[in-house]
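In: Sequence and predicted structure below; questions after.
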Number of protein chains: 2
Amino acid sequence: MEQESKELRKAGLKVTHPRMRILQLFEEGGVRHLTAEDIYRRMLDNQEDIGLATVYRVLTQFEAAGIVVKHNFEGGQAVYELDRGEHHDHMIDVDSGKVIEFFSEEIERLQNDIADKHGYVIEGHSLVLYVRSKGGRRG
Amino acid sequence: MEQESKELRKAGLKVTHPRMRILQLFEEGGVRHLTAEDIYRRMLDNQEDIGLATVYRVLTQFEAAGIVVKHNFEGGQAVYELDRGEHHDHMIDVDSGKVIEFFSEEIERLQNDIADKHGYVIEGHSLVLYVRSKGGRRG
DNA sequence: CTTGATGCAAATAGTTTGCACTATA
DNA sequence: TATAGTGCAAACTATTTGCATCAAG
């Protein structure tokens, strides 16, 4: 509560009900990767009267403020997660939809080398592995 | 012409005017990465009476047939390119929109290692570097 | 000639925006 | 209490689909 309002103020955002609720949802640690719809539904379930448009607006502001990171995985909806500072990439289990995070210093280095070799500097990157469990496809 | 109709038939697709025109556009080698809109506009410019819905349908069929690969880069529109068999990843110049292709065996290997270590097998992956020219941002 | 393919318009999905109203600083 | 924030509905963008018509085999 204290923590969250401080974070919002630090980002230059008024401490409003929707912003607090959404930030808390991310910080309470349950699920890490949420779509706007996910958040909207959870707000509804919690009797919070927050509109979907507000969810989108808040997420956009959070992203701009570096509170949250947006990912455009396959499947239409954008996915948001708290920005914990430590960059990582994602693996998505195509059967269950589960999102696994990983980080490879070597891959990061290789990416930089490649960009450099072409005369570029990396501004951002997106690496997503769509995977399937070795055990067996269904469950 | 011969080449294209053979390719369509091989994919089990009737050799129709829209399909031929779109396939030819990809094979004539000018631009490699095209959105549905890009294709639709070029058809209009060439006095071809092909609807946007048809462009989408043909692209979907081409993708299913492995004639074309679809990429979901940032920026809304999906981008399609001819499937030349040789897998590669992409670098996008954020200033000019230019798409540069690259391939790194090492990155591919590392990706497989990582997936493997987590008990998964890679079904597909997407790696895009958003880059900026070292020379200077504008031009 | 038969059925898959097409063009058009309407439908959809995800997200954004205009506007009158509400709540924070 | 002034202004940024909100909810709602309408707008928008990218893509898909229904349907009557057309054309490839």
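Out: Structure's in. What do you need?

In: Next to DNA strand C, which bits of chain A? Give me the list.
Out: Taking C-beta under 7 Å from any atom of the strand as the contact definition, chain A meets DNA strand C at A:9, A:14-17, A:35-37, A:52-53, A:56-57, A:60, A:76-78. To be clear about C-beta, it is placed using only N, CA and C from the backbone, and glycine gets the same treatment.

In: Out of those, who's the most crowded?
Out: Neighbour counts for these (other C-beta atoms under 10 Å in any protein chain shown) peak at A:Ala36, which has 21 neighbours.

In: can you pull the pLDDT of that residue?
Out: A:Ala36 carries a pLDDT score of 97 in this model.

In: Just to check, it is in contact with A:Ile50?
Out: No: contact criterion C-beta atoms under 8 Å: A:Ala36 and A:Ile50 do not qualify, at 11.1 Å.

In: and the longest strand for chain A?
Out: strand A:120-133 (DSSP state E).

In: could I get it in CSV with only the CA atoms?
Out: What follows is strand A:120-133, C-alpha atoms only, in CSV (Å, rounded to 0.1, in the frame of the first residue of the first chain):
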residue,chain,number,x,y,z
TYR,A,120,23.8,-1.1,-35.7
VAL,A,121,23.2,-0.8,-32.0
ILE,A,122,20.4,-2.7,-30.4
GLU,A,123,17.6,-0.6,-29.1
GLY,A,124,15.5,-3.5,-28.0
HIS,A,125,14.9,-7.1,-28.9
SER,A,126,12.3,-9.8,-28.6
LEU,A,127,13.1,-13.5,-28.3
VAL,A,128,10.4,-16.0,-27.8
LEU,A,129,10.7,-19.8,-28.0
TYR,A,130,7.5,-21.7,-28.7
VAL,A,131,8.1,-25.0,-27.0
ARG,A,132,6.5,-28.4,-26.3
SER,A,133,7.2,-30.6,-23.3
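
In: Buried residues of that strand, list them for me.
Out: A:120, A:122, A:125-133 (16 or more other C-beta atoms under 10 Å in any protein chain shown).

In: Also within reach of chain B: list those from the residues you listed.
Out: Contacts with chain B within the buried residues of strand A:120-133, counted by C-beta under 8 Å from any C-beta of the partner chain: A:120, A:122, A:125-133.

In: now, among the residues you listed, which is nearest to B:Gly85?
Out: Distance to B:Gly85 across these (C-beta to C-beta) is lowest for A:Tyr130, with 19.8 Å.

In: ok, that closest one to A:Ile50 distance?
Out: A:Tyr130 is 32 Å from A:Ile50, where distance means C-beta to C-beta, to the nearest Å.

In: Next: A:Met20.
Out: A:Met20 sits 11 Å away from A:Ile50, going by C-beta to C-beta.

In: So between the two, which is more surrounded?
Out: Neighbours were counted for A:Met20 and for A:Ile50 using other C-beta under 10 Å; A:Ile50 has more, 20 against 16.

In: Nearest to DNA strand D: which residue in chain A?
Out: A:Thr54 (2.6 Å; C-beta to the nearest atom of the strand).

In: And the helices in chain A?
Out: A:2-10, A:17-27, A:36-45, A:52-64, A:105-117 (DSSP state H).

In: could those helices go into JSON lines alongside distance to chain B?
Out: Output for the helices of chain A, formatted as JSON lines (distance: least, C-beta to the nearest C-beta, whole Å):
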{"stretch": "helix A:2-10", "distance to chain B": "27"}
{"stretch": "helix A:17-27", "distance to chain B": "22"}
{"stretch": "helix A:36-45", "distance to chain B": "16"}
{"stretch": "helix A:52-64", "distance to chain B": "13"}
{"stretch": "helix A:105-117", "distance to chain B": "5"}
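
In: Same list (those) but as TSV, adding distance to B:Met43.
Out: Below are the helices of chain A laid out as TSV (distance: least, C-beta to C-beta, whole Å):
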stretch	distance to B:Met43
helix A:2-10	50
helix A:17-27	44
helix A:36-45	35
helix A:52-64	34
helix A:105-117	35
